[in-house]
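A.B. asks: Predicted structure and sequence below. I'll ask about it afterward.
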Amino acid sequence: MKMKRIGSIALTALLILSMTLMGCSSKENKTATTNDGKQTSAPSNKPVKISIWSGYPELDSWMNKMAADYKVTNPNVSVEVVSFPLRDFEKKVATALPSNSCADIISLNPNLAMRYIKEHMLLKVPDDLSKFVTGGAYSPAVVNTTQYEGIVYGIPHMLGNASLYCNTKMFKEAGLTEAPKTMAQLEEYAKKLAKYDASGKLIRSGFSLRITGGGSGLAEKFWTLMMQNGGSIIEEVSPEKYRAGYDNDAGLKTLKMYIDMVYKNHTDDFNLLHDTEAFEAEKTAMFARETWVIGDIKTKAPNLEYFTAPMPGDSNIAITEDFSVTSSVKKENTEEVWNFIRFMMKAENHKQMTAMSGWQPGRLDLDMKDFFKENPQYEAFFTKYKNVNTTPMVPEFDEIETKFADSLANKGYTDKSFVDNTDKMKAFLKECAVETNRILKENGHLAE
Amino acid sequence: MSTMVKTVKKRKISRQLGFCIFGLLPIMALYTYLRFVPIIRTFYLSFHKWDLISSKKPFIGIDNYIKLFQSDLFLGTLKNTTVIAFSVLLLTLPLSLLVANALTSKVKSKSFFESIYFMPVIMPMVPVTIAWKQLLDNNYGIVNYFLSFFGIEPLAWMIDPKLAVVSVIIITVWKNLGYNMLIFSVGLTGISKEYYEAASIDGATGLKSFRYITIPLLKPVTVFVSIMTLIKGFNVFSTVYVLASDTQGSPGYVVRVLVYDMYQNGFGFLKMGYASAEAVVLFIIVFVLTMFQFALTSDKDKKKHRNWKRVKV
């Protein structure tokens, strides 16, 4: 009896202690809940610590410089800059924001920001910054991505689009004087630029395709090339209703190009290095990437002779990253945080971002002529394209892109039997489209 | 008098027991909070649709489980994970037993060899996988260089779907061999030398004594090592995550394993309910393996103990 009594008392005490621990772990939200962008308190000389997170380590040097420059006129303000690998950063934000343990400022893709905006985890931008965003500094396509229900929640500070990187020496060797201007020319040039050893083994790719690697980047590169043929990953049929946009001639043409390059023309190979590493190691004559590669080449291959050129078509993607202020910010620091963002977005400061990180600012109101004189490789990235695609504003786009990338990497690019087999390629694209449409349907965005 | 003594003794025991129980309470409470509560919440979440952010968490019954078992991706992931787990078991078990057996015989510099074999166990997984990634590189890896001496063409370890899975198996076997070897060493040390002496009198030495004495007497240890290896195999994640982490890495789809899929679904695609359902499936697999281990060892141990008592008497 006594044993039973001790046991039941012990069990009760255990449960009470566990529940107490659970209760202690829920934090009260003492952070900024006013989401109207109004100044919440007058600036003071009290020490203020601002934190900023991004998924692009290349931005660190610029942001740290901005923090140091800002401190000169605001000595009480310290800015802590932390960056993470992009996909890890996105996952970190996904857990930190709901638990109010996020940085004050985050640099986030507007497509991902949408889900947090709907849950009131990102603050709306103050009126002056809102007017700056909507007042002509950015293209209409970019401005659209910053808004939810007509209110601006992010300030685009960085834009990623692709251009061709071409090795000057290799082009000269092949008797080519300029970059390809059409997709057909791209394939032809790749054949002329590929190099083989005595046994016929490919030792240098003519055009480095993104055919390996995890994440959604593989599908993004496919999308960039497919755009030149008139396709997209998903296409908007009616407002907020989409369907797979690659189960068509554009998707087929692009997939065929990949298959032909790897297996038929043999201008690329799985066993070679790919992407930026390959270009810097001179294992490829051409590839397509964003502006950050210019800064990377300066560091890792400063003697590399190369030039850049617009994509061989009239289309390009425009993936932006916006500065957003999170609901984790302390109420008393909100105005100082917005002031720091205003400081970074000043024209003379924002221009420095390109020089220091390699990423372009994506603004239409910056005069970059002097910058282009010293850095001519950037000019191609500022080409005005007829057709510009931003990331579709559906939260499930990352899942769609990642699963499409997985299918391409595992079944698409690795299947040699796709060569000259249009039916098989069509069937593969159809199978991928079924999955894409299923994800859209699950989230209520499928155009039936 | 004797009744009074018994009563006093009982009071002392219950006070001592009470003291122990209440002394352990804080740590047990913490353990309950950190271990059992998340498990219960995971079960709960698996019946809901939740994106980690929204305050809405609608109850959807077993929808997540239905979607799971209708998903080719999940079934492929489960297949990959099972292949990896059982392959690691089939390779690690005999290798670690052989190494342990060799080391428990009279070997010079035994401690040195034990340290060498155990070193991979204490190395952190991430730098180890990065190092292996370099070793298995298609173009510059030492493994391909070594294979070239045998006339074998460079293998696409990180690219070929089957070889990518083999790479994961190789790394996991290399990492776990030392730990299993240590457990087997302890088990082998526990076998009484009398058995071997008796066997040698009857002419059973070397391989025969290993087969008829060592292996049967090591059964409880073997079962424990097998189950633990399988559980570790089903939980493989960091190797796959690091191998698939950059543009030169292997395709994520090919070496997608259960925990990676859970991580991707839960924190990448924000489908916490769906990821929780996957976690429940993994929990059930591990639970079944653990129960299987208990069933294989405990009943037979009890029977042996009873038989031994009867013999003693």
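C.D. replies: Yes, it's here.
A.B. asks: For residue A:420, the count of nearby residues, please.
C.D. replies: As a burial measure, residue A:420 scores 12 neighbours (other CB atoms under 10 Å in any protein chain shown). (Glycine included, C-beta is placed from N, CA and C.)
A.B. asks: do the same with the one 4 residues further on
C.D. replies: Burial of residue A:424 is recorded as 14 neighbouring residues (other CB under 10 Å).
A.B. asks: can you check the one 5 residues further on too?
C.D. replies: Residue A:429 sits with 23 neighbouring residues when counted by other CB under 10 Å.
A.B. asks: helices or strands up against the helix or strand that contains it?
C.D. replies: Assessed by DSSP states H and E, residue A:429 sits inside helix A:422-442. The contact analysis (3 or more CB pairs under 8 Å, 6 or more residues apart in numbering or on different chains; DSSP states H and E) places helix A:422-442 against strand A:241-244, helix A:249-259, helix A:397-407.
A.B. asks: List the buried residues of the second one.
C.D. replies: With burial defined by 16 or more other CB atoms under 10 Å in any protein chain shown, the residues of helix A:249-259 counted as buried are A:250, A:251, A:252, A:253, A:254, A:255, A:256, A:257, A:258, A:259.
A.B. asks: what's the answer for stretch A:131-150, then?
C.D. replies: Under the neighbour-count criterion of 16+ other CB under 10 Å, stretch A:131-150 has A:132, A:133, A:134, A:137, A:138, A:139, A:142, A:143, A:145, A:146, A:147, A:148 buried.
A.B. asks: Could you check the pLDDT of residue A:412?
C.D. replies: With respect to pLDDT, residue A:412 scores 89.
A.B. asks: Any figure for the gap between it and residue A:87?
C.D. replies: Distance, residue A:412 to residue A:87, by CB to CB, to the nearest Å: 21 Å.
A.B. asks: These two: which has the busier surroundings?
C.D. replies: Comparing residue A:412 with residue A:87 by other CB under 10 Å, the one with more neighbours is residue A:412, at 23 against 19.
A.B. asks: What score does residue 28 have for pLDDT?
C.D. replies: Because you didn't say which chain, this covers chain A. Note for residue A:28: predicted pLDDT of 43.
A.B. asks: try again with chain B
C.D. replies: 91.
A.B. asks: Check residue B:310 too.
C.D. replies: Reported pLDDT for residue B:310: 45.
A.B. asks: okay, now the domains of chain A?
C.D. replies: A:48-159+A:321-380, A:163-317+A:387-442 (automatic domain parsing).
A.B. asks: mind checking the end-to-end distance for the first one?
C.D. replies: Yep, that's domain A:48-159+A:321-380 we're talking about. Taking CA to CA, to the nearest Å as the measure, domain A:48-159+A:321-380 stretches 41 Å from start to finish.
A.B. asks: Check the longest one too.
C.D. replies: Using CA to CA, the span of domain A:163-317+A:387-442 from its first residue to its last is 35 Å.
A.B. asks: can you list the residues of the stretch 201-350 of chain A near chain B?
C.D. replies: Contacts of the stretch 201-350 of chain A with chain B, taken as CB under 8 Å from any CB of the partner chain, map to A:210, A:212-215, A:217, A:270-277.
A.B. asks: lowest average confidence, helix or strand, in chain B?
C.D. replies: The weakest-scoring helix or strand in chain B, judged by mean pLDDT, DSSP states H and E, is helix B:272-312 (a mean of 75).
A.B. asks: quick revisit: could you rank the residues of the stretch 201-350 of chain A next to chain B by neighbour count and give me the top one?
C.D. replies: residue A:214 (28 neighbours).
A.B. asks: residues in contact with the helix holding residue A:429?
C.D. replies: With CB atoms under 8 Å, 6 or more residues apart in numbering or on different chains as the test, helix A:422-442 has contacts from A:233-234, A:242-244, A:246-247, A:251-252, A:255-256, A:259, A:394, A:396, A:399-400, A:403-404, A:407-408, A:411-412, A:415, A:417-418, A:446-447.
A.B. asks: Show me where the stretch 1-150 of chain B has its helices.
C.D. replies: Secondary structure of the stretch 1-150 of chain B (DSSP state H, counting those that start in this stretch): helices at B:2-31, B:37-45, B:63-70, B:72-104, B:110-122, B:125-135, B:142-148.
A.B. asks: between these, which one is nearest to chain A?
C.D. replies: Closest approach to chain A among the helices of the stretch 1-150 of chain B is made by helix B:2-31 (3.4 Å; CB to the nearest CB).
A.B. asks: ok, residue B:137 - contacts?
C.D. replies: B:144, B:157, B:158.
A.B. asks: Closest one to residue B:127 out of those, please.
C.D. replies: residue B:158 (17.4 Å; CB to CB).
A.B. asks: burial count for residue B:192?
C.D. replies: Residue B:192: 10 neighbours (other CB under 10 Å).
A.B. asks: Helices along the stretch 151-300 of chain B, start to end?
C.D. replies: In the stretch 151-300 of chain B, the helices defined using DSSP H, counting those that start in this stretch lie at B:161-189, B:193-201, B:207-209, B:215-217, B:219-234, B:238-243, B:258-263, B:272-312.
A.B. asks: mind checking which of these is nearest residue A:114?
C.D. replies: helix B:272-312 (17.9 Å).
A.B. asks: now residue A:147, nearest residue through space, not along the chain?
C.D. replies: With CB to CB, 6 or more residues apart in numbering or on different chains as the criterion, residue A:147 has its nearest non-adjacent residue at 7.2 Å, and that residue is residue A:153.
A.B. asks: Can you report phi and psi for that neighbour?
C.D. replies: phi -120, psi -10 (degrees, to the nearest 10).
A.B. asks: any idea how far it is from residue B:169?
C.D. replies: Taking CB to CB, one finds residue A:153 at 47 Å from residue B:169.
A.B. asks: and if you look at residue A:374?
C.D. replies: Note on residue A:374: its distance to residue B:169, by CB to CB, is 52 Å.
A.B. asks: neighbour count winner among those two?
C.D. replies: residue B:169 (21 against 8).
A.B. asks: who's in contact with residue 154?
C.D. replies: Picked chain A for this. Counting by CB under 8 Å, 6+ apart, residue A:154 makes contact with A:108, A:110, A:113, A:122, A:125, A:145, A:146, A:322, A:323, A:324.
A.B. asks: not what I meant, chain B
C.D. replies: Taking CB under 8 Å, 6+ apart, we find residue B:154 in contact with A:271, B:138, B:139, B:144, B:147, B:148.
A.B. asks: and with 10 Å instead?
C.D. replies: Counting by CB atoms under 10 Å, 6 or more residues apart in numbering or on different chains, residue B:154 touches A:271, B:137, B:138, B:139, B:140, B:141, B:143, B:144, B:145, B:147, B:148.
A.B. asks: element containing the closest residue to chain B within the stretch 1-150 of chain A?
C.D. replies: Per CB to the nearest CB, residue A:17 is where the stretch 1-150 of chain A lies closest to chain B, at 3.4 Å. Take DSSP H and E as the rule and residue A:17 turns out to sit in helix A:2-25.
A.B. asks: Leaving out sequence neighbours, find the closest residue to residue A:133.
C.D. replies: Nearest residue to residue A:133, sequence neighbours excluded (CB to CB, 6+ apart): residue A:152, at 5.1 Å.
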